[in-house]
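A.B. asks: Quick one: sequence and predicted model below, then my questions.
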Amino acid sequence: MSRNVPIDNRSRYRPPFGLLRAVVLIVSVVGGGTVGYTLLEGWNVLDSLYMTIITMTTVGYGEISPLSEGGRVFTIALIITSIGLAGYAVSTLAAFVVEGEFYRIIRERRMDQRITHLSEHVIVCGGGRTGKYIVEEFHRTRTLFVLIEQSLDVIEHVQQQIGDFPYLVADATDDDTLRLAGIDRARGLVAALGEDKDNVFIVLSARALNARLRIIARVNDEDNMSKLHKAGANELVSPNAIGGLRMASIMLRPVVVAFLDEMLRVSDQPLRIEEVHVDKVPNLIGKTLVDADIGRRTGMLVMAVRNRDGRHQFNPGARTVLQQGDILIVVGTPEQLEALHRSEFV
């Protein structure tokens, strides 16, 4: 039911209260001047409105007809009020532009339009100490994503590191924010906020809005793992556990860790261990690895094959037959992965 709730984007683009107040005051003075001239001089509404406008703008077109004494006093008061109101309106408008509110609204409109065209993307909630590395990896591997972060400073810092990407300056625990991020079209969500309670709330909302979503959540306290699983998270990642395992690996296998780090750090050729679903390359089904000749066609290395029953075949032989439901574990670049999906295997 919640998926069909309409989103009111207009609330995100409302100008500051000061600008709205200036507009209301101008309309009120125009209305008051029109009523005043109508009552004091007996003019019709159009003549009264005309006299009010030329008085407020001080264009000096002259009076419609000679004013009464009361009309002159009213005109003096209207001129003084208009001068003060004009100063207030100009200063408010200047502040609106100079302080960045105008450009913020334009930027948010463009960003929303950009996000609207995304599908099968990943939503990253939180761009802090953990989220920035997630965003960096997605950017390097050309994975479509949207970052949700409450601090524009954090977003701009990440953009300085990796370049432009779609984002929302908003609260990821808000259902409307997830809708704006295109959760109904997304294929995954990463809850990477610093507090477990916030991640639980995000996971609950995300699972309710998209039942097929793959959700990965950060967990700091292992006691909260069961709560996040019950909330709907598919996988959990503990930065403390990962950090501890890495430190142990550096001590025990320094050369291997150095190799993997170098593989991930090379910017001109970002090698990654990727997975290829055979079902998405249907021409591979029924072929042996030697017939598919993936290495020659794309330059990728096949490390393992995960069968549809969940078993892994490491360093598969050339006569291994690829079946429907199999997943290839390969080493290659994003360009090589794209080439594999484009290849025609005869």
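C.D. replies: Perfect, I can see it now. These figures come from a predicted structure and were not determined experimentally.
A.B. asks: buried sites along the helix or strand where Val135 lies?
C.D. replies: Per DSSP states H and E: Val135 is located in helix 131-140. The neighbour-count check on helix 131-140 (16 or more other C-beta atoms under 10 Å) flags Gly131, Lys132, Ile134, Val135, Phe138, His139 as buried. C-beta here means a position set from N, CA and C on the backbone, and glycine is covered the same way.
A.B. asks: try stretch 109-122
C.D. replies: Met111, Asp112, Ile115, Leu118, His121, Val122.
A.B. asks: Look up how far Glu149 lies from the residue most central in space within the chain.
C.D. replies: Centre of the chain computed as the mean C-alpha position; nearest residue by C-alpha atoms, centre = their mean is Tyr167, 2.8 Å away. Per C-beta to C-beta, to the nearest Å, Tyr167 is found 7 Å from Glu149.
A.B. asks: Name the residues contacting each of those two.
C.D. replies: By C-beta atoms under 8 Å, 6 or more residues apart in numbering, Tyr167 and Glu149 have these common neighbours: Gly127, Ile155.
A.B. asks: Tell me where the model's unsure across the stretch 101-250 of the chain.
C.D. replies: 101-106 (pLDDT under 70).
A.B. asks: how about the strands in the stretch 101-250 of the chain?
C.D. replies: For the stretch 101-250 of the chain, strands defined by DSSP state E, counting those that start in this stretch occupy the ranges 122-125, 145-149, 167-169, 188-191, 214-218, 235-237.
A.B. asks: Which stretch among those strands approaches Gln323 most closely?
C.D. replies: Taking C-beta to C-beta, strand 214-218 is the member of these nearest to Gln323, at 23.3 Å.
A.B. asks: residues of that closest one that come out buried?
C.D. replies: Buried positions in strand 214-218, judged by neighbour count with 16+ other C-beta under 10 Å: Ile215, Ile216, Ala217, Arg218.
A.B. asks: That one relative to helix 131-140, how many degrees between them?
C.D. replies: For strand 214-218 against helix 131-140, the angle by axes from the mean of the first three to the mean of the last three C-alpha atoms, to 10 degrees is 140 degrees.
A.B. asks: What pairs with strand 214-218, parallel or antiparallel?
C.D. replies: strand 188-191 (parallel), strand 235-237 (parallel) (DSSP bridges).
A.B. asks: isn't Arg207 right up against Ala217?
C.D. replies: No: the criterion here is C-beta atoms under 8 Å, and Arg207 misses it with Ala217 at 10.7 Å.
A.B. asks: Quick one: list the elements packing against the helix holding Val135.
C.D. replies: Here helix 131-140 touches strand 122-125, strand 145-149, helix 152-162, going by 3 or more C-beta pairs under 8 Å, 6 or more residues apart in numbering; DSSP states H and E.
A.B. asks: Render the CA-only coordinates of the first one in PDB, please.
C.D. replies: Think strand 122-125. Only the C-alpha atoms of strand 122-125 are listed here, as PDB (Å, rounded to 0.1, in the frame of the first residue of the first chain):
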ATOM      1  CA  VAL A 122      21.600   0.700  -5.900                       C
ATOM      2  CA  ILE A 123      20.700   3.200  -3.100                       C
ATOM      3  CA  VAL A 124      23.400   4.000  -0.700                       C
ATOM      4  CA  CYS A 125      22.200   5.400   2.600                       C
END
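A.B. asks: who's in contact with it?
C.D. replies: Here strand 122-125 has contacts from 131, 134-135, 138, 143-148, 172, 178, 181-183, 186-193, 199, 202, 206, using C-beta under 8 Å, 6+ apart.
A.B. asks: what are the pairing partners of that strand, and which direction each?
C.D. replies: For strand 122-125, pairing defined by DSSP bridges yields strand 145-149 (parallel), strand 188-191 (parallel).
A.B. asks: what about Arg246, neighbour count?
C.D. replies: 12 (other C-beta atoms under 10 Å).
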